[in-house]
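Novice: turn this into a model:
(chains A and B)
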Amino acid sequence: MTAGDIEDLLRRLAPQVLAALVRRYGDFEAAEDAVQEALLVAAQQWPERGLPERPDGWLITVASRKLTDQFRSEQASRRREERMAAQDVAVGPAVGEDDTLTLLLLCCHPSLTPPSQIALTLRAVGGLTTVEIAKAFLVPESTMAQRISRAKQRIKGAEFQSRPSAERMRAVLHVLYLIFNEGYTASSGPDLHRAELTGEAIRLTRTVHALLPDDGEVTGLLALMLLIEARRAARTRPDGSLVPLAEQDRTLWRRESIAEGIALISETLPKARLGPYQLQAAIAAVHAEAVRAADTDWLQILGLYRLLEDFDPSPMVTLNEAVAVAMVHGPVAALAALKPLEEQLAEHHRLHAVRAHLLEMAGDHEAAVTGYRKAARLTMSVPEQQYLNACATRLTDTS
Amino acid sequence: MKYLIMIYSNPDTWEHPIYLRDPKFLALPEAERERLTKQGDDLFAELAESGEFVEGVALADPVHTRTARPRDGVPAITDGPYLESKEQLAGYFVVDCETPERAAEIASRFPDARLGAVEVRPIMDMSGQEM
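Specialist: Residues are numbered from 1 along each chain as shown, chains lettered A, B, ... in the order given. The predicted structure follows:
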């Protein structure tokens, strides 16, 4: 085993060891310090002496010893002793296979804000360093360290769930999706650290999928990530400008990711309980199956969006659905479908971008230019702004 | 989303924290001055503790400001600020928070907001969603 292999192994085992310790001793912060120390010892010893027979058991034993050493040295404090006594009674069952999931559920605790859930998940389950997470989110290390430490404080003593409720499971999937999305929008230059987040999100979702293979939404989310990630090379030009789906060079799409995504969603759709991630994955699969943009089965996509709207109604779903309506029934019908959103999304660039696109399809170039310009003013993203202004310029030049 | 919070002030003497030198602040009753000072301290502690604080910068006295306006290849650097105004940019903060409402709330709690003005603007993202 090379040092690199050992490092991979340690990274995979770390969340399980941490989960076992948190379950046993309750103190997240102290448990994490102890695990870090145990990992350090392993990284020094294993390459020389070889792997122990049960690496996970070895790590748990060493980390537990570090933790009890630490508690003992602090025994001057009576309060601590009393707490230890209380925790002795609350010793949980032995380490199970699904400890990574338990830890994930803890990191996505409802008392935490999404940024804290994301940071803690990447730290405790993903095994990323605080510096790596800070770089990915473009904030100073001290800011990220503060977010993580506050999150740990908040969940101190939180109930350790090993049987996830549907609601907590949704929170976990949402956090994984947010991590993925954060990385997916970034693709080049100084954003490279962020781009690595997609790989991390896929890796974590794969782990959850392996633990809960029959959960349709977990499978759906994994399929969705793979199908979207497959388009990465085609979605931006080398200068960083955005390429819309219809104009992407589909030969750049990663076939193996698409094949895996389609296989996952095809297998799960007929048997699992339907949900929004599966529907979004199904939509991404229909796009992926079209060799050329013109071959897209929009009727099927429209049907899927209608189902998605039943499951998980949101203005963004209605917006995307409007594009499908335009492709099936024409832009006039689609513009009518946007009407109910106009008040709610008046200051959102997406509404104006979609509306401008539909107006352009309908041949009303003047209104389309106004719409693109408005969308460009409202967006908070530099490449989106460049794209939307370019759409307006293109229409001004040709009309 | 990250936001730039700009603090504009017109102090008697330039010294940070700048609001302490603002004549309007000095004219307040003592209890009110204490309340405002505490409001500022609490805000900074809260931003650090919540993980929203990204950066904070105190700017030097405006007498050090130089404005560059080269035209037609002629370098033109003048002393003094670009904008003629009593209120000067005294410093700025960058915060990372969840909603524009939260960013505006943070801005309004700077003591300087009571005295001069505090402006808050979103910082654009260098990446974008698929269109």
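Novice: okay, helices next: where are they in the stretch 201-350 of chain A?
Specialist: Residue ranges of the helices in the stretch 201-350 of chain A, as given by DSSP state H, counting those that start in this stretch, are A:216-229, A:232-235, A:255-268, A:276-289, A:298-311, A:315-329, A:331-338, A:349-362.
Novice: in chain B, what residue comes closest to chain A?
Specialist: Chain B approaches chain A most closely through B:Gly51 (3.2 Å), counting by C-beta to the nearest C-beta. All C-beta atoms are positioned from the backbone trio N, CA, C, and that covers glycine.
Novice: so who does that residue touch?
Specialist: Under the criterion of C-beta atoms under 8 Å, 6 or more residues apart in numbering or on different chains, the neighbours of B:Gly51 are A:115-116, A:119, A:143-144, A:146-147, A:150, B:96.
Novice: what pLDDT does it get?
Specialist: Reading off the confidence values, B:Gly51 has pLDDT 90.
Novice: could you do A:Lys135 as well?
Specialist: What the model reports as pLDDT for A:Lys135 is 87.
Novice: so it is in which element?
Specialist: Per DSSP states H and E: A:Lys135 is located in helix A:130-136.
Novice: what lies in contact with that helix?
Specialist: With contact meaning C-beta under 8 Å, 6+ apart, helix A:130-136 is reached by A:119, A:122-123, A:128, A:140-141, A:143-145, A:148, A:182-183, A:193-194, A:196-197.
Novice: got the CA positions of that helix in PDB?
Specialist: Extracted as PDB, the C-alpha positions of helix A:130-136 are listed here (Å, rounded to 0.1, in the frame of the first residue of the first chain):
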ATOM      1  CA  THR A 130     -10.800  24.100   6.900                       C
ATOM      2  CA  VAL A 131      -8.300  25.800   4.500                       C
ATOM      3  CA  GLU A 132      -9.700  23.800   1.500                       C
ATOM      4  CA  ILE A 133     -13.300  24.600   2.400                       C
ATOM      5  CA  ALA A 134     -12.400  28.300   2.900                       C
ATOM      6  CA  LYS A 135     -10.800  28.400  -0.500                       C
ATOM      7  CA  ALA A 136     -13.800  26.700  -2.100                       C
END
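Novice: which residues belonging to it are considered buried?
Specialist: For helix A:130-136, a neighbour-count test (16 or more other C-beta atoms under 10 Å in any protein chain shown) marks A:130, A:132-136 as buried.
Novice: still on that earlier bit, most tightly packed of the helices of the stretch 201-350 of chain A?
Specialist: Mean neighbour count (mean count of other C-beta atoms under 10 Å in any protein chain shown) peaks for helix A:216-229 among those, with a mean of 25.
Novice: okay, now the unreliable bits of chain B?
Specialist: Applying pLDDT under 70 to chain B picks out no residues at all.
Novice: er, the stretch 51-200 of chain A actually
Specialist: Those would be A:75-98, A:161-162, A:186-193, if you go by pLDDT under 70 across the stretch 51-200 of chain A.
Novice: residue of it closest to chain B, please.
Specialist: Closest to chain B within the stretch 51-200 of chain A is A:Arg147: 3.2 Å, counting by C-beta to the nearest C-beta.
Novice: many thanks, we can stop here.
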